[in-house]
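Enquirer: Structure, please.
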Amino acid sequence: MATKKKSAGGRRRWVREVTTDSTHPEKGLFTKSAAEIARELASKKVSPKGPASGMRMLTYFINRGGKGLSASRKKELERAKKLLHERIEKERKAA
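Expert: Residues are numbered from 1 along each chain as shown. Below you'll find the model as predicted:
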């Protein structure tokens with residue numbers, strides 16, 4: 001049988017293997033207000049393929065942060081997700 005590599009703590013951390021260079025959000029973006037996060041992630045500069053790409057980035061960040069995020073920070077990030085979702089829906093209706 002094949003054996004799985006395990007990280008410290010006994011759990012495999014798949015996130016360490018993810019390497020992407022498709023977008024470049026500004027350093028410290030996820031520490032800003034929900035409105036600023038949503039606006040930046042919807043911009044062509046950060047998400048050239050559109051706001052849905054920004055939504056994936058935000059969801060990835062929240063999932064990666066997991067238990068390490070404070071309740072207030074997670075709430076702010078969830079608020080940014082809601083704003084970004086509204087923006088995506090607005091663009092879909094306009095198209």
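Enquirer: What count of nearby residues applies to H24?
Expert: 8 (other C-beta atoms under 10 Å). Backbone N, C-alpha and C define where each C-beta goes, glycine included.
Enquirer: helix, strand or coil for it?
Expert: Under DSSP: H, G, I helix; E, B strand; the rest coil, H24 falls in the coil class.
Enquirer: show me the contacts for it.
Expert: By C-beta atoms under 8 Å, 6 or more residues apart in numbering, the contact list for H24 reads V46.
Enquirer: How much space separates it from R87?
Expert: 20 Å (C-beta to C-beta, to the nearest Å).
Enquirer: Ok, R79 next?
Expert: 13 Å.
Enquirer: element containing the residue nearest the centre of the chain?
Expert: Nearest to the geometric centre of the chain sits L58, at 1.7 Å (C-alpha atoms, centre = their mean). Using DSSP states H and E, the element containing L58 is helix 51-65.
Enquirer: For that helix, the averaged confidence score.
Expert: For helix 51-65, mean pLDDT rounds to 89.
Enquirer: Show me what that helix is packed against.
Expert: helix 34-42, helix 71-94 (3 or more C-beta pairs under 8 Å, 6 or more residues apart in numbering; DSSP states H and E).
Enquirer: most tightly surrounded among these?
Expert: Of all the helices and strands packed on helix 51-65, helix 34-42 has the most neighbours on average by mean count of other C-beta atoms under 10 Å, namely a mean of 20.
Enquirer: Right, I'll call it a day here.
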